[in-house]
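Participant: I would like to see how this sequence folds:
(one chain, ligands or ions: 1)
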Amino acid sequence: MPRQLHLNVNILNAGVFGGSWRFPGTDPLSSYRIEHYTDIAKKAERARLDAVFLADGPSLDPSVKHRTGNNFEPTTVLARIAAQTERIGLIGTLSSSYHDAGELARRLGDLDHVSGGRVGWNVVTTAGAVAARNFGRDREPEHSSRYQRAAAFTEQVVRAWSERTRYSSPQGRPVVVQAGGSRDGRELASRVAEVVFSADQDLDRARAFRAEIRAGAARHGRDPGAVVVLPGLSTVVGSTVAEANARRELLDELLPDAYGRGRLAGQLGISLDGLSDDEPIPRDLLVPPDEAGGSQTFYRVVKDIIDRENPTLGALLKRLSGGGGHRIVTGTPEQIADDIETWFRAGAADGFNVMPDVLPSGFDDFAGQVVPELRRRGLFRTDYEDTTLRGHLGLPVPRIVPVPEEVTAR
Ligand SMILES: Cc1cc2nc3c(=O)[nH]c(=O)nc-3n(C[C@H](O)[C@H](O)[C@H](O)COP(=O)(O)O)c2cc1C
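Facilitator: Numbering: from 1, shown residues only. Reported below is the predicted structural model:
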């Protein structure tokens, strides 16, 4: 069977861009309605995607002043989706910094059982002081200690799943996904991740990242072929190039400036107050990644753009359009399929975590026009051949080592 693409849809708000919620015909409050998620999930299942993906931050982001938020707790949404679907995978982001391992293992283990083996857990350590304050802490834990905790935490959760003597699932246990591409993040991914949600703007860097993660998995005695690397991909689909570009330009205009500046300031760990849109960010303002706080992945992605293109602040804000720094592809279905095929065949990706520009309309375009084009090229499944998330992703079912009777009897 030739290597096949893996595609998830990341149901982010009313779309990935800072101005998506303002796009004509879009319900700005859609992310507060459960049908927004279940409707997209059913469409994703009809398109035979691998999974729906829910990002999450365990706090109300202050940027909600400028952009409606993603607000429902992921397992709550995924349980509702599970009840209304049969095959689509269900991947939720839950922070290793702000949960209890035993409780999380039970919650996701049970959801995996009742959904027939369709759950994936995206492990994040969660950057930023807002989430820390939400849990009564003065400031966010140090980056390295966040990852030390994440490693121990993930081990505890996977062990708890392995010791479940009842209510397991056809896929053995949930799939472990990981997002965070700093050095510590890549080490965690090499040790535990079966799927890696990455962020890269450049094909060669993405190919090197995937090779590094797979080599790291082998170093930890794992099968490198059992690690699926899915970069984020923001899509803007038009029936013509002109239509796609016009859609993207409108989204850039709709970006609340305060939101775009706030997001970029957070990624770089600096204040942009008083800086002109017409000048590049002064170099002496920039701080090293360790001082920036936040995600070192997105810091690097943005800093690479600054170093390569030396954009004015206004051009950089447009380039990112309020997204985190994931690659944005704008074009016809054929052009987007070309881009996906190029990265896939180059070994830069095993597929993508797709983030449509506007939801649901942008996903309708992707599922209705890009997926059939990928299918026509023989790159994507025509039908599900399995019932579990592991099956869709081509991942092995882990050997469950039952806990000896005398231990469970305690
Ligand atoms: C592609 C990607 C997606 C992420 N999604 C989330 C998320 O949904 N919620 C969250 O709290 N952190 C998210 N993060 C950041 C993670 O929390 C990460 O563990 C840490 O804070 C920053 O990781 P890094 O320094 O390794 O980039 C994401 C990071 C990346 C690279």
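
Participant: average pLDDT for the top strand by length along the chain, rounded please.
Facilitator: The single longest strand within the chain, with elements called by DSSP state E, is strand 228-237. Across strand 228-237, the average pLDDT comes to 98.

Participant: how far away from the center of its chain is that strand?
Facilitator: 9 Å (CA atoms, centre = their mean, to the nearest Å).

Participant: list the helices and strands whichever helix or strand comes after that strand packs on?
Facilitator: Sequence-wise, the next helix or strand downstream of strand 228-237 (DSSP states H and E) is helix 241-254. Packing partners of helix 241-254 (3 or more CB pairs under 8 Å, 6 or more residues apart in numbering; DSSP states H and E): strand 228-237, strand 327-331. C-betas here are computed from N, CA, C, even on glycine.

Participant: give me the number of residues near Ala127?
Facilitator: Ala127 has 27 neighbours, counted by other CB atoms under 10 Å.

Participant: again with the one 10 residues further on
Facilitator: When counting by other CB under 10 Å, one arrives at 13 neighbours for Arg137.

Participant: ditto for Gly347
Facilitator: 16.

Participant: that one reaches Ala211, doesn't it?
Facilitator: Yes: proximity of Gly347 to Ala211 meets the contact threshold set by CB atoms under 8 Å, at 7.5 Å.

Participant: returning to that earlier point: which among the helices and strands packed on helix 241-254 is found nearest to Asp257?
Facilitator: strand 327-331 (18.5 Å; CB to CB).

Participant: who's in contact with the closest one?
Facilitator: 200-201, 231-238, 241, 244-245, 247-248, 321, 335-336, 339, 357 (CB atoms under 8 Å, 6 or more residues apart in numbering).

Participant: so how do I select the buried members of those residues in PyMOL?
Facilitator: Here is the PyMOL command that selects the buried residues among the contacts of strand 327-331 (16 or more other CB atoms under 10 Å):
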select buried, resi 200+201+231+232+233+234+235+236+237+238+244+247+248+321+335+336+339+357
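
Participant: near the ligand, list only the ones from the contacts of strand 327-331.
Facilitator: Gly232 (CB under 6 Å from any ligand atom).

Participant: wait, what's in contact with Glu140?
Facilitator: Thr126, Ala127, Gly128, Ala129, Ala131, Ala132, Arg146, Gly293.

Participant: what's around Arg210, how many residues?
Facilitator: So Arg210, with other CB under 10 Å, has 25 neighbours.

Participant: got it, and the one 5 residues further on?
Facilitator: By other CB under 10 Å, 11 other residues sit near Ala215.

Participant: between whichever strand or helix holds it and strand 228-237, how big is the angle?
Facilitator: Element membership of Ala215 [criterion: DSSP H and E] is helix 203-219. Interaxial angle, helix 203-219 versus strand 228-237 (axes from the mean of the first three to the mean of the last three CA atoms, to 10 degrees): 150 degrees.

Participant: can you give me the end-to-end distance of stretch 41-60?
Facilitator: 24 Å (CA to CA, to the nearest Å).
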